[in-house]
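Asker: Curious how this folds, go ahead:
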Amino acid sequence: MAAGEATPTLASTTDAAFDQAAGALNVDYPAYMSKHDVVYNRPNTNPLYGLTVGNGRTGAMAWNQNGLTMQVSGVDLSEQSTYAAGLANLSTSPSMDTGYSKFQQRLSLYDGTLTTKYDTNRTVTVMGSPNSEVMGIHVEDGRTGVSNVAFDLSMWDPATVQNIADVPDLNTWRTISTFSDANVAGFSRGQTDANGFGYTMAATVEGANFTTQVVNGRNVRLNITPTSSYTIWFTAASRINAPNRDSVTQARNQLTSVKSTGYTNTLNNYRNWWHAFWAKSFVQYSNASGDADYMENVYYLSTYMIAAGGYGNYPVHFINGVFRATQDNSKWSNAYWYWNQRDVYNSFLASNHTELMGTFNKLYSRNYNALKSYTQTRYGVDALWVPETMGWDGNARGTVGSDYTKNILTTGYQAAHNMYLQYRYTNDATYLRDVAYPYMRETVKLYKGLLSFDGPTGKYYMANSNSHETYWNVRNAITDLAAVRSIFPLTIQVSTQLGLDAGLRADWQNILNNITAYTVVNGAYQPHQPPISQTRNNENVASELIWPYNVTGIGYPDYQTAVNTWNQRPFPYGNVWSNDAVQAARLGLGDQAYQGMKTMLQKYQNYTNGMTSNTNGVFEYLGVHLSAMNESLMQSYNDKIRVFPAVPTDSSFVGKFTLLAKDGFQVSSEREAGEIKYVGLKSLYGKQATVVNPWGTQQVRVRRTSDNAILATSTSAEVSFATAANAVYVLERTAKPLSGYSSARLTGTANQGAKTLSNTSSALGTGQTTSNALVNDTELTYDANWHATSSRGYGDYNDDTHHSNTVGAVAQYTFTGTGVEYLSERNGDMGNVDVYIDNVLQTNVNLNISGARQAQQVVYSKTGLSSGQHTIRIVNKSTAVGMVDALRILTQPSTTSTVSLRSKANNLYVSAAAGSPLIASKTTIGTGEQFERVDLGNGNIALRAKINNQYVSAAGAGAQPLIANAAAAGSWETFQLISNSGGTVSLRAQINSKLVCADGGGAQPLIANRDAIGPWEQFDLITG
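Answerer: Numbers count the residues shown, from 1 in each chain. Predicted coordinates for the structure are as follows:
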């Protein structure tokens, strides 16, 4: 170690890592970020588990099938980025995976590379030309006797393409043209798209001789003369970014250019691009259990995946993106949905990547004129309305044709507000004047034109709109009222600042002064003026006030109402885009934010590459995770900088960060053992800073680091001080200044294996294979709800990679229970297996399932086992693929009695009739209102409905209404029975520790989503 170099450290109560000259934490980024590399220690043949690598505009998911196979896509290739570029495959003879003893595939986040090593003599590195459409595969192959190397670019069957992108001519996307010459081979698609989209995928080779050929109408090949070192360059060149829309010439020019630059220089440029990206911010979020570290790993991986496709002309699509392994299939979206897209992008202001938010904002600002024109046509108002579901060109076809979205008015407000925030973080006055302010002004004019005025009360109100997708055609949607309270004062302020539209401000101020109040019931905001409408989607609409509308939170006079609103939200963690954890952080609820991040990963991070199997989206939950962690560590949304406002109370928690606050303050701080050490601040634009005193009323001082001048001393709850551009300041305790800590540098050790999140099935990476039994895992245990309880890392009942086609392959698992079910969710001939329970062969077990794919399809069941530990052994009998998607462990409960529940909310009996969610709706007790009360011990019970003999489940891990649909009692079906002082009882769901509520005063189904007991959470327990 060089003299004077800081001692490497990760956490110490006596040191600090703030670099007072640079105004940021002193981090050994290569070593620290290597902790978060995603590592596969055995080959993965399932495309859905493919590791992700990208250069900002082109990305690939890679898996080990017939060598190296990748699905490649680019962000600007087609409308809404729906159609993928194609497949790339590198194969050798003998194959790359022949005769090796050690395998490792590593996604290095810091370098942005994906490297696969077989022993010490074969290395394949996937990388790219930075922020371009060109990617590369560099091969180092020291073997002798390699006779053939082939690189194929291909398209799947174009006849299967459906119009999922709202394109004007589907035929051009079904038409593929191929070409090859001495230097390049490729294919093109979408070449006559009227909107200028379409692309060319092409490849060349550096460092080896090669020939090209057209294999067929949708496959071209490079035949490479084997050598010890060579690089394959390929591109997904978009027409939209090509001169004269000529993607073929663009592809040729791109490949010529990168080949001229050469592999070594391109790799260095690429690494440097990623290194500069990571240097702009930093987070550490760790604890003794390792779960916080896992969340930190997901933070960096999520940042990488979004940024790897976030630098195109269009934003990376929330569900299509650049990382897919689903061919030309999209899950459901044919447009940009603002609700979903905002989740992907909103974190990047705080993480100091404002350019990424700029790409998102540009989608809306470039369509300003089209949207203005459409607003005049639809509403007859000279203003701007933004469709919730919008095409690349601003079209509203997806919005106005849907009852869910056609009456949503707040999307334009959110777009305008994000543009305003872009200004606040960048200080770009030109952007404010020319882009953000016009959007803000026209949004205000829309509300001025659509609000109604009630003469007797003197109040403005919204007569009819959607409270987002969940409540249709309601009065005084809270989203509209919050939008007015947010955008009107900001627009008045900016209008004054710019000296524009002075004549409009008085009317705006009058509306702001007289907008009708939010409705409050049971101390919580309601999504609209009661009576509450039927719910159409599972959005927590009233919680939008907390985030991203930013009109309440810590320090606001209605803080407790906001907390109550969050506690009473109807759909906790109800979907892949749920932002509950972000809102918890905004309210200073550190434990809830921590648990919320974990819950989201438990529910939605199903694949070991960090991605999800959820059918509603792909990238939203990654973006929500980023926002939740940023907001837990630092906030500045109300122009006051707060450090560590929402961290867990766990005494082992360690937090460190360098993040960006509004008005261009680069903020750093460290917290350990409950102690915040300092607040460091670099002022980028010389604005006035206000910092909330993290030590309460302890005396603090503001010190300028360049000359150690003390600028202010205070015991106030907030400290404000003037700054100079590029100057660095420290807020420190007078009694324990930063100088009392030794200097440190944050570092780490490279990850070498799989990581798991405790008590969940979420995992990153894979360990080594220990046997040939069912290749991708050797552990498989499930609780009664098909949720993995071991550290497997695959999805709930979705382990399609857990298979073997080797006759005699064995998988053996030990479980504790009174029964077990063996599940498959596939269809067709998948071979036969023998199943042994405690070494006793079970007969007639096969996997020949016909018909459509069906989740949770039981192919074998064994019940009536004695209590205790048992073993199931599964032996493959044929060369067809034998599947083990999941095991379900059954537990036979003990004592039972018949009970009914009468809700204190409306004095009606809870009914499970007709297989619908439980609801308090009956005046008398029938079969549908009777349940077997099953004593599970330790004060816990389960309820089995008499009407169908199914257990009542807190569906969706508590995020959905209670329903009697479970064959066995697991954690979702376990409730703590609470005896109240008045003789009533309450039920607390074990899965989320929430109380069961007769929501809407009994008008809505029962759901476990409350933290406190009120009338809606109390029931009369009637026996017999």
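Asker: pull the helix or strand with minimum mean pLDDT from this protein.
Answerer: strand 7-9 (a mean of 41; mean pLDDT, DSSP states H and E).
Asker: Give me the helices and strands touching whatever helix or strand residue 899 lives in, please.
Answerer: Per DSSP states H and E, residue 899 falls inside strand 896-903. Helices and strands touching strand 896-903, by 3 or more CB pairs under 8 Å, 6 or more residues apart in numbering; DSSP states H and E, are strand 909-911, strand 919-922, strand 931-937, strand 1019-1023. C-beta coordinates here come from the backbone N, C-alpha and C atoms, glycine included.
Asker: which residues touch the first one?
Answerer: Going back to what we said before, that points to strand 909-911. With contacts defined as CB atoms under 8 Å, 6 or more residues apart in numbering, strand 909-911 is touched by 900-903, 918-925, 928-929, 998, 1006, 1019.
Asker: Run through this structure and note the low-pLDDT ranges.
Answerer: Applying pLDDT under 70 to the chain flags residues 1-11, 769-818, 821-832, 843-861, 863-864, 866-869, 876, 878-895, 914, 937-938.
Asker: Now the element after the longest helix seen in it, going C-ward?
Answerer: As assigned by DSSP state H, the longest helix anywhere in the chain is helix 478-498. Following helix 478-498 in sequence order, the next helix or strand is helix 505-513 (DSSP H and E).
Asker: counting contacts, what elements does that next one pack onto?
Answerer: For helix 505-513, the contact count by 3+ CB pairs under 8 Å, 6+ apart identifies helix 437-450, helix 478-498 as packing neighbours.
Asker: got a list of contacts for the shortest one?
Answerer: Read it as helix 437-450. Identification of contacts with helix 437-450 by CB under 8 Å, 6+ apart yields 364-365, 368, 372, 375, 379, 381-385, 409, 412-413, 415-417, 419-420, 462, 465, 480, 483-484, 487-488, 490-491, 494-495, 498, 500-501, 504, 507-508, 511.
Asker: For that helix, list the C-alpha coordinates in PDB.
Answerer: In PDB, the C-alpha atoms belonging to helix 437-450 read as follows (Å, rounded to 0.1, in the frame of the first residue of the first chain):
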ATOM      1  CA  TYR A 437     -42.500  25.500 -18.400                       C
ATOM      2  CA  PRO A 438     -44.700  25.300 -21.600                       C
ATOM      3  CA  TYR A 439     -45.700  21.800 -20.500                       C
ATOM      4  CA  MET A 440     -46.500  23.000 -17.000                       C
ATOM      5  CA  ARG A 441     -48.500  26.000 -18.300                       C
ATOM      6  CA  GLU A 442     -50.500  23.900 -20.700                       C
ATOM      7  CA  THR A 443     -51.200  21.300 -17.900                       C
ATOM      8  CA  VAL A 444     -52.500  24.100 -15.700                       C
ATOM      9  CA  LYS A 445     -54.700  25.400 -18.500                       C
ATOM     10  CA  LEU A 446     -56.200  21.900 -18.900                       C
ATOM     11  CA  TYR A 447     -57.300  21.800 -15.300                       C
ATOM     12  CA  LYS A 448     -58.600  25.400 -15.500                       C
ATOM     13  CA  GLY A 449     -60.700  24.400 -18.500                       C
ATOM     14  CA  LEU A 450     -62.000  21.100 -17.000                       C
END
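Asker: now the angle from that helix to helix 478-498?
Answerer: Helix 437-450 runs at 130 degrees relative to helix 478-498, counting by axes from the mean of the first three to the mean of the last three CA atoms, to 10 degrees.
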